[in-house]
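prediction below, plus the sequence it came from.
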Amino acid sequence: MEHKLYIYNTLTRKKEQFIPLHENKVGMYVCGPTVYGDGHLGHARPAITFDILFRYLQHLGYKVRYVRNITDVGHLENDADSGEDKIAKKARLDQLEPMEVVQYYVNRYHKAMEALNVLPPSIEPHASGHIMEQIEFTQKIIDAGFAYVSEGSVYFDVEKYNKSNNYGIISGRNIDEMLETTRELDGQSEKRRSVDFALWKKASPEHIMRWNAPWSVGFPGWHMECSAMGTKYLGEEFDIHGGGMDLMFPHHECEIAQNKAGLGKDSVKYWMHNNMITIGGQKMGKSLGNFITLDEFFTGNHKLLSKAFSPMTIRFFILQAHYRSTVDFSSEALEASEKGLERLMDGYARLQKLSPSATSSIETAGLRAKCEEALNDDLNTPIAISYLFEALKVINSVHDGKATISVSDLEELQSVFKLMVEDLLGLKVEATATGTNEAYKQAIDMLLNMRLEAKRNKDWATSDKIRNELTALGFEIKDTKDGFEWKL
RNA sequence: GGUUCGUUGGCCGAGUGGCUAGGCACCGGUCUGCAAAACCGUUAACGGCGGUUCGAAUCCGCCACGAACCUCCA
């Protein structure tokens, strides 16, 4: 396959050329949401980042299997011994079945993703639907001698693993230092070492999400689901594993250790991590409580938002920064993106209506190559977008009659824009819902005020014409004592 | 404290050892009866101090500031 896609591999801290394990096929796993709350802006970032990768790999001709999980066996809220499962807690507070909570937020997550024009993954496995696989995986690790059972729970023996492997390979953490710094916190824990992590936890009596396992009635450790589901659907070795940078440690570090211990091999070739979205320079996150949900953006219903922002504005905003940089949210920054996007989409619409001439007075060749070059360079969407803006000037000058474009150049330009804007960046023309509704309402009001004025002038012909034609369109017009009312 | 990363013009945000990224705002212009919108054009930056180099915002060192991870987090 002829391409030079380079992606930054967190494992090596370098950009590496992407070469799939199996010719023409790509296996990609991305950590999805824990569904016990509404998705916020931070959740949009990995979804959109890896959506671009998904789209681009397919554009390059690969058959891609994209797996994005749903974590519906909540993680422990506090420390491992006294904690409560997040989803179980939410369920208890709302007096629902845990799976009702899960279903509710999964539905809402899907709705938000669809609005953001994020393509659905090939497989979206639920952790709760793969308990057997997780038990089996845990057993493999026990059999390999890298885990021990303690009071019904199973723990990964990090220290033993680290003797023959490198625990800390992706996060740069040093296990000796970790042992030193955390030793004092070791109490009467059932763990041998504080760095050990759970593969299976025995459920406390109040823990309502529980399953039978050889060791106890309990639930799988957090990191287990990705090991189990990733290898189930993509094989013991696959190409790409993605997720947010905050998952690097401990989640991905543990996942690497689990796979190596249980399977005897490294499963993932390229690890990719998107950076965080910040707000006031600080990470937007659930625990800090400084997040703004996607719905709040779409409706503008949040005190930090000057107005509503459409899903495409959110998408464009995220794409205007490179995925490995932090991006600082502010209402001003979003407004800037909104205007930029509008100009881009207006230009795209204008491009469809340009009239070609016999010759071109402008240069259009090279845009495709430049855009692909940008995406090949670790998905540099901001650079690709900057090229589109440059091309916009060409489009506008042709539109203004200040330049000419030949049929073939026009077709090429249209084709590149279609590819970049719609297929790869995934930007779609949207009838900015709220704005349109407001304008539409005001237009109707204006018409009816004109009718009111005509009535005052006893211009019945005009008055009736307005009423009849609106009625014909399906509006109900009601005269009131001091004005009018209408509805569709 | 440990590990990692960052500090770019009014704001957001790319980037390379020498050649103006881009967006938004500002300013100027075209258009318009006027205005708005739209379009065109211009301006402006590389945290501080040293070093390497013919040349560094880009490489190295130190300092300052900020952030992420070390508990759950996308």
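Arrived safely.

which stretches of the stretch 151-300 of chain A form strands?
Using DSSP state E, counting those that start in this stretch, the strands of the stretch 151-300 of chain A run over A:153-156, A:197-202, A:211-212, A:217-220, A:238-244, A:268-274, A:277-279, A:282-283.

the residue in the stretch 301-450 of chain A that RNA strand B sits nearest to sits in which helix or strand?
Going by CB to the nearest atom of the strand, RNA strand B is nearest to residue A:340 of the stretch 301-450 of chain A, at 2.4 Å. C-betas here are computed from N, CA, C, even on glycine. Per DSSP states H and E, residue A:340 falls inside helix A:331-352.

and the average pLDDT for the helix or strand just after that helix is what?
Counting by DSSP H and E, the next helix or strand C-terminal to helix A:331-352 is helix A:367-376. The pLDDT scores in helix A:367-376 average 94.

list the buried ones in helix A:367-376?
A:367, A:368, A:370, A:371, A:372, A:374, A:375, A:376 (16 or more other CB atoms under 10 Å).

thinking again about what came up before, ok, which of the strands of the stretch 151-300 of chain A comes nearest RNA strand B?
strand A:238-244 (1.9 Å).

ok, and does the closest one reach over to RNA strand B?
Yes. Using CB under 7 Å from any atom of the strand, strand A:238-244 reaches RNA strand B at A:243, A:244.

and which of the buried residues of helix A:367-376 is nearest residue A:21?
Ranked by distance to residue A:21 (CB to CB), the buried residues of helix A:367-376 are led by residue A:376 at 19.5 Å.

in chain A, which segments are predicted with low confidence?
For chain A, the stretches flagged by pLDDT under 70 are A:1-2, A:75-83, A:180-189, A:431-439, A:476, A:478, A:480-482, A:485-488.

please parse it into its domains.
In terms of domains, chain A is parsed into A:6-274, A:279-424, A:433-487 (source: automatic domain parsing).

my guess is residue A:117 contacts residue A:426, does it?
Yes. Contact criterion CB atoms under 8 Å: residue A:117 and residue A:426 qualify, at 4.7 Å.

which strand or helix spans the nearest residue to residue A:337 once chain neighbours are set aside?
Closest residue in space to residue A:337, ignoring its immediate chain neighbours: residue A:317 at 4.0 Å, by CB to CB, 6 or more residues apart in numbering. Taking DSSP H and E as the criterion, residue A:317 maps to helix A:311-319.

on that earlier part again, for the domains of chain A, state which one has the densest average packing.
domain A:6-274 (a mean of 19; mean count of other CB atoms under 10 Å).

now do the contacts for residue A:262.
A:137, A:140, A:141, A:144, A:146, A:227 (CB atoms under 8 Å, 6 or more residues apart in numbering).

before we move on, what about residue A:246?
By CB under 8 Å, 6+ apart, the contact list for residue A:246 reads A:276, A:283, A:285.

one more time with 10 Å, if that's ok
Going by CB atoms under 10 Å, 6 or more residues apart in numbering, residue A:246 touches A:42, A:273, A:274, A:275, A:276, A:283, A:285.

try residue A:364
Residue A:364 touches A:391, A:394-395, A:398, A:405-406, A:408-413, A:416, counting by CB under 10 Å, 6+ apart.

residue A:350: which of these is nearest?
Using CB to CB, residue A:395 comes nearest to residue A:350 of the contacts of residue A:364, at 5.9 Å.

before we move on, back to that, what's the closest of the contacts of residue A:364 to residue A:157?
Nearest to residue A:157 among the contacts of residue A:364, with distances taken as CB to CB, is residue A:416, at 54.5 Å.

that closest one reaches residue A:394, doesn't it?
No. Using CB atoms under 10 Å, residue A:416 is not in contact with residue A:394; the gap is 11.5 Å.

shared neighbours, these two?
Common neighbours of residue A:416 and residue A:394 (criterion: CB under 10 Å, 6+ apart): A:351, A:364, A:367.

is it possible to get CSV of these that adds distance to RNA strand B?
What follows is the shared contacts of residue A:416 and residue A:394, written out as CSV (distance: CB to the nearest atom of the strand, whole Å):
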residue, distance to RNA strand B
A:351, 12
A:364, 14
A:367, 13
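
turn those residues into CSV, including distance to residue A:46.
Below are the shared contacts of residue A:416 and residue A:394 laid out as CSV (distance: CB to CB, whole Å):
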residue, distance to residue A:46
A:351, 31
A:364, 34
A:367, 29
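
does the longest helix anywhere in chain A reach RNA strand B?
Longest helix in chain A by number of residues, with DSSP state H as the criterion: helix A:433-456. No. Using CB under 7 Å from any atom of the strand, helix A:433-456 stays clear of RNA strand B, with a minimum separation of 12.6 Å.

follow-up on the earlier one: what sits against the residue of the stretch 301-450 of chain A closest to RNA strand B?
For residue A:340, the contacting residues are A:313, A:316, A:317, A:320, A:385, A:389, by CB under 10 Å, 6+ apart.

could you dump those residues to JSON lines with distance to residue A:306?
Below are the contacts of residue A:340 laid out as JSON lines (distance: CB to CB, whole Å):
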{"residue": "A:313", "distance to residue A:306": "12"}
{"residue": "A:316", "distance to residue A:306": "17"}
{"residue": "A:317", "distance to residue A:306": "14"}
{"residue": "A:320", "distance to residue A:306": "18"}
{"residue": "A:385", "distance to residue A:306": "23"}
{"residue": "A:389", "distance to residue A:306": "24"}
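
out of those, who's near RNA strand B?
Contacts with RNA strand B within the contacts of residue A:340, as defined by CB under 7 Å from any atom of the strand: A:320, A:385, A:389.

how long is stretch A:7-23 from one end to the other?
From its first residue to its last, stretch A:7-23 covers 17 Å (CA to CA, to the nearest Å).

just stretch A:73-88 next, same as before
Length of stretch A:73-88, first residue to last, CA to CA: 8 Å.
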